[in-house]
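K.L.:
missing the sequence, but the structure's below:
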C-alpha cells in the first residue's frame, strides 16, 4: 500500500513537471491556429501564415502567461501592460513592446498552452453559436 502511494506521488510529480516545461510560442500558436481554423500551414502563404500566428499569439496572451529570455539569460514573464500595448512579430517569434524593447525566446508553459488553446476553442464556438443565433433571428 505504501509503495502504491509512493508510485502515485512520483507519477503526479512527473506530470506536474511535464506541464511546467516550456514550449516555443510559435509552436503553440501553430497548434492553436490549426485547432481553431482546421487549416494546415501549407494551405496559407508564408507571409500570411506568420501574420495569422502573430494574431493567434496575441489571443493566447489574453488567456495565459507568455515568457521571454532576457539579456542575462533569465526567463521572465512579459508584463500584462506590455502585452496590451505591444505586438507579436515574425510568426510569434518576437514580441515588441510599445517602447520598442524586443523580447526573444518566447514560450509558454505546456500546461498553460493546452488550457489556453482549449479556452480559445470554447470562446470561438460560443461566438459562432451566438452569430448563428443572431443570423437566424
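P.N.:
Cool, the structure landed. No experiment lies behind these values; they were computed from the predicted model shown. Numbers count the residues shown, from 1 in each chain.

K.L.:
name the residues of stretch 22-34 that come out as buried.
P.N.:
Buried residues in stretch 22-34, defined by neighbour count with 16 or more other CB atoms under 10 Å: 22, 23, 25, 26, 28, 29, 30, 31, 32, 33. Every residue, glycine included, has its C-beta placed from N, CA and C.

K.L.:
centre of the chain to the lengthiest strand in the chain, how far?
P.N.:
The strand spanning the most residues in the chain, taking DSSP state E as the definition, is strand 102-109. The chain centre lies 10 Å from the centre of strand 102-109; the measure is CA atoms, centre = their mean, to the nearest Å.

K.L.:
so residue 58 sits against residue 87, correct?
P.N.:
Yes - with contact defined as CB atoms under 8 Å, residue 58 counts as touching residue 87 (7.4 Å).

K.L.:
now stretch 22-36: mean pLDDT?
P.N.:
In this model, stretch 22-36 has a mean pLDDT of 95.

K.L.:
distance from that stretch to the middle of the chain?
P.N.:
6 Å.

K.L.:
circling back to that earlier point, which of residue 58 and residue 87 has more residues huddled nearby?
P.N.:
For residue 58 and residue 87, the more surrounded residue by other CB atoms under 10 Å is residue 58, and the numbers stand at 18 against 14.

K.L.:
who are the neighbours in contact with that one?
P.N.:
With contacts defined as CB atoms under 8 Å, 6 or more residues apart in numbering, residue 58 is in contact with 83, 87, 88.
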